[in-house]
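> return atomic coordinates for the entry below.
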Amino acid sequence: MYYLFAVSPAGSLDFENVITDSDPLIEQGFLTISPTGESPEFSKDSKQFHAFLNSLMNSDIYDDNGDSINHLIEYLDFFYSDRELVTLTANYRGTRRNYEEIATKIGSAYWLKQFLDADNLQVWGSGHDLSKQLPLINMPIEDEHFFIAQKIVRTLIDGPAVLQLATITETVGTEDTELISRAMHLLLKHVLVFLSFSEFIHVPVIGIHPSIHRFINPETIKLVKSETQVTSCPPFLIDDMTIMLTEASMSPIPLRQSDNKPYAKSIKEISSRFYQLPPECNRLYTYTDEERVRLAMLTLNNHDLVSIHGKKRDKRNYLYAEKEGRDWLKLSERERLEEMLFTQQNYHKRFYNLNRGNFPTGSECLSKIEIIREEYDVLYTQPNLAGSLYGAFQILADARHTVTESSFFERQILTENPLFTLLHCGVPYMNTTDWQFHNIVDKEEMINFWLRSLHRFMVSKATPYGMLNVSPIHGKDDYAISLSDAGLFFTGNLKKLPVAKESNHSILVQPNFEIVFMTQNPRAEVKLGQFCERLSSGIGTLFKITRSSVLKAASHGLNAAYVLDTMAELSHKPVPPNVTEQVKNWISQCRIVSISTKILFTCPDRETALQIKSSGGEKVEQISDTVIAVSDKKFSKALEKKLEKKGIFKKRG
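Numbering: from 1, shown residues only. The predicted structure is shown next:
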């Protein structure tokens, strides 16, 4: 260790000077004088030391792959025996001998926090196997060595990533190299610091693990501002839900027995009223008609706006609109969106935001580790990252300007990644698939997992709810993004959504019953789709008012006033008189009849019918002098048995 403290860069070596300056090396047992006395020779210890230096040069923890869990395992395999590694597993849910688990433990900031939180050597030693005798030194470890070791670690946490060994005496404020040597042995034995040779200045250095230093002292990747003008993606999920719920409230939607999904015919009918999405909405995922129906149905079901159950004498299940769903339809478009966004906001805010930006920097970061451990240190429990997804969008809200989507993802996966936070809090993310438990600890795996989580949230929530303004950046394979009003409402930066102004200067109801759109208006498409036949999407002749479409709307409870008022509200010019009169005429032809099935008791005379009516009470209805009707099949069986006791029997054959 004396040699490591004294070593410094040198040019060409003068052999005579090496001989002249060899006394300290001979005293430390690194060199011996040859029998002839003419030249120094390596001692047994120095040969081992030479092998150690050779390994160190071939397993540098601070090279470009230093963050890799496999690189850390390789380092441990080079420099630590199995027995030494077993001591590192003490007091952690039993004995853990797996290399990956040990590397995960010592590669976390929590490992250093435990060491720094200890008041003395005995407190630290109670949780770890500390031998009183260290290799190469026949002297015990005392508290003074422990405190020096703590000082070294604190310096490495708040200072540069690595320190030259030659400067350690200045760092700890003592020239006693033996004192420092024993402190260093303590740190190295328990893998609290790592030894390396700087490839730039060619001197021995020590430091904490690079990923720990980067977590405690992060270099935040800045969001790249974009001057591209962005356009809002419509909250198409709200409109799709409205269409599907309206359909279900008019008539239950039949579902396949195998998977409770609508039949292809139903999907085609429902999706025919969907409006076409702008290309930016499909940049991460292509929303097919079937996918939009599935997403709308799933969201309606999750919010208890619909229910799924069967009908009597029918093996199929149906999608029914619940009372809550009918009440939801009575809300304005703005109120429907607010209600859904508010539910999402409440759910995501229930969970802790594990993004790195939610923590202080430097040694103060260690103080929050215990809070995370108390929340997530549960065996075989998968942490919920919903709070971190909310935090990711909060960063977009705080940006207050349009940024590139690539810089947003880059910052999230490399700086804000919540899986990094969990790893350094000593509770790595537990991924459960098919009852298999697997800790995600490798850097690349953590990056890919969080990227998939962000992508999934963008596809299933952010884009369908219209939380983003998006446009492609000219000449680049990238997009400009910012939060829309819906996104700002989700993050809590906007308390109420502005009232949408419907433009009625772009729609024209023509005398030939066709409806022309001169600009895109998705919301108007939803409204007109309730009683019109769709011809196209986007711009042009999109709808036609037909007898069958109006009669279908009437069968679902829409009256002439609603149909005509909706067209008058949306049309640039008054609705043509011939269209108004024809719609009124079609709907006036409609009649509502009640259809029911009843069981008839046909009697031979009036007296028998009166006896049956008396026995049945209010649950029976006398249709004529000799015919009694029963609506309840189960009650009719009970009535038959009751009549048998009075001598009135059912006719056989």
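
> N317 - how many residues pack around it?
18 (other C-beta atoms under 10 Å). The C-beta positions use only the backbone N, C-alpha and C, and glycine is treated the same way.

> what about S636, which helix or strand?
helix 633-644 (DSSP states H and E).

> for that helix, packing partners?
helix 606-616 (3 or more C-beta pairs under 8 Å, 6 or more residues apart in numbering; DSSP states H and E).

> which is the next helix or strand following the helix it packs on?
strand 620-622.

> tell me the strands beside that following strand, with direction?
strand 627-630 (antiparallel) (DSSP bridges).

> right, and K598 touches D632 too?
No - taking C-beta atoms under 8 Å as the definition, K598 is not a contact partner of D632, at 9.3 Å.

> ok, S596 to Q436 distance?
S596 is 55 Å from Q436, where distance means C-beta to C-beta, to the nearest Å.

> show the contacting residues for Y80.
V191 (C-beta atoms under 8 Å, 6 or more residues apart in numbering).

> SS state for E375?
helix (DSSP: H, G, I helix; E, B strand; the rest coil).

> list the contacts of it.
E375 touches Y352, counting by C-beta under 8 Å, 6+ apart.

> okay, it: pLDDT?
Note for E375: predicted pLDDT of 84.

> again with E219
83.

> wait, what's in contact with the residue most central in space within the chain?
Closest to where the C-alpha atoms of the chain average out (C-alpha atoms, centre = their mean) is S453, at 4.2 Å. The contact partners of S453, by C-beta under 8 Å, 6+ apart, come to L385, L389.

> kindly recompute the last result at 10 Å.
L385, A386, S388, L389, A392, Q412, I413, N417, P418, L419 (C-beta atoms under 10 Å, 6 or more residues apart in numbering).

> can you name the two of those that sit furthest apart?
A386 and I413 (17.5 Å; C-beta to C-beta).

> in the lengthiest strand in the chain, which residues are buried?
Longest strand of the chain, by residue count under DSSP state E: strand 314-321. By 16 or more other C-beta atoms under 10 Å, the buried positions in strand 314-321 come out as N317, Y318, L319, Y320, A321.

> give the contact list for the second one.
Spelled out, that is Y318. Per C-beta under 10 Å, 6+ apart, neighbours of Y318: 248, 251-255, 260, 306-311.

> can you select the buried ones from those residues in PyMOL?
To isolate the buried ones among the contacts of Y318 in PyMOL, judged by 16+ other C-beta under 10 Å, type:
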select buried, resi 248+252+253+254+255+306+307
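
> in a markdown table, list the contacts of Y318 along with pLDDT.
Listed next are the contacts of Y318 as a markdown table, based on pLDDT from 0 to 100:
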| residue | pLDDT |
| --- | --- |
| A248 | 86 |
| S251 | 79 |
| P252 | 88 |
| I253 | 91 |
| P254 | 92 |
| L255 | 92 |
| N260 | 88 |
| V306 | 94 |
| S307 | 93 |
| I308 | 91 |
| H309 | 86 |
| G310 | 80 |
| K311 | 72 |
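
> inside helices: which ones of the contacts of Y318?
If you go by DSSP state H, the contacts of Y318 have A248 in helices.

> closest to E607 among the contacts of Y318?
Among the contacts of Y318, and counting by C-beta to C-beta, the member closest to E607 is K311, at 39.4 Å.

> need the contacts of Y318 in TSV with distance to F449, can you?
Formatted as TSV, the contacts of Y318 follow (distance: C-beta to C-beta, whole Å):
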residue	distance to F449
A248	37
S251	43
P252	40
I253	36
P254	39
L255	34
N260	30
V306	33
S307	35
I308	32
H309	37
G310	40
K311	44
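
> of the contacts of Y318, closest to Y465?
V306 (18.5 Å).

> rewinding a little: list just the nearest of the buried residues of strand 314-321 to Q164.
So of the buried residues of strand 314-321, ranked by how close each gets to Q164 (C-beta to C-beta), first place is L319, at 70.7 Å.

> contacting residues for the nearest residue to that closest one once chain neighbours are set aside?
Leaving aside its chain neighbours, L319 sits nearest to I253 (4.1 Å; criterion: C-beta to C-beta, 6 or more residues apart in numbering). I253 makes contact with 244, 247, 262-263, 266-267, 269-270, 293, 297, 306, 308, 317-321, according to C-beta under 10 Å, 6+ apart.

> against L245, how distant is I253?
10 Å.

> same deal with F78?
With C-beta to C-beta as the criterion, F78 and L245 are 64 Å apart.

> between the two, who's got more neighbours?
Each of F78 and L245 has its neighbours counted (other C-beta under 10 Å); L245 has more, 23 against 12.

> that one contacts L319, correct?
Yes - counting by C-beta atoms under 10 Å, L245 touches L319, with 9.3 Å between them.

> mutual contacts of these two, please.
In contact with both L245 and L319: M297, L300, V306, using C-beta under 10 Å, 6+ apart.

> got JSON lines for those residues, with distance to I592 too?
Listed next are the shared contacts of L245 and L319 as JSON lines, based on distance: C-beta to C-beta, whole Å:
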{"residue": "M297", "distance to I592": "28"}
{"residue": "L300", "distance to I592": "27"}
{"residue": "V306", "distance to I592": "24"}
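
> picking that back up, and the buried residues of strand 314-321 as CSV, adding distance to S614?
Output for the buried residues of strand 314-321, formatted as CSV (distance: C-beta to C-beta, whole Å):
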residue, distance to S614
N317, 42
Y318, 39
L319, 44
Y320, 39
A321, 41
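
> tell me where the stretch 201-350 of the chain has strands.
204-207, 231-232, 253-255, 306-311, 314-321 (DSSP state E, counting those that start in this stretch).

> for P498, find the nearest of those.
The nearest among the strands of the stretch 201-350 of the chain, by C-beta to C-beta, is strand 231-232 at 11.9 Å.

> just checking, what packs against the closest one?
strand 468-472, helix 485-490 (3 or more C-beta pairs under 10 Å, 6 or more residues apart in numbering; DSSP states H and E).

> can you give me the pLDDT of L134?
42.

> who are the contact partners of the closest residue to P418 other than its chain neighbours?
Nearest residue to P418 in three dimensions, chain neighbours excluded: L354, at 3.4 Å (C-beta to C-beta, 6+ apart). Listed by C-beta under 10 Å, 6+ apart, the contact set of L354 reads 372, 375-376, 383-385, 387-388, 391, 416-422, 425, 429.

> tell me how many other residues crowd the residue nearest to A118 when sequence neighbours are not counted.
Leaving aside its chain neighbours, A118 sits nearest to W124 (3.7 Å; criterion: C-beta to C-beta, 6+ apart). Under the neighbour criterion other C-beta under 10 Å, W124 is assigned a count of 21.

> who are the packing partners of the helix or strand hosting W124?
Following DSSP H and E, one finds W124 within helix 121-125. Judged by 3+ C-beta pairs under 10 Å, 6+ apart, helix 121-125 is in contact with helix 109-117, helix 143-158.

> which neighbouring elements make contact with the helix or strand following the last one?
In this case it means helix 143-158. Once helix 143-158 ends, the next helix or strand along the chain (criterion: DSSP H and E) is strand 162-164. Strand 162-164 is packed against helix 143-158, helix 168-172, strand 194-197, strand 204-207, with contacts defined by 3+ C-beta pairs under 10 Å, 6+ apart.

> need these in CSV with mean neighbour count and distance to I515, can you?
Conversion of the helices and strands packed on strand 162-164 to CSV gives the following (neighbours: other C-beta atoms under 10 Å; distance: least, C-beta to C-beta, whole Å):
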stretch, mean neighbour count, distance to I515
helix 143-158, 19, 68
helix 168-172, 17, 79
strand 194-197, 20, 72
strand 204-207, 20, 71
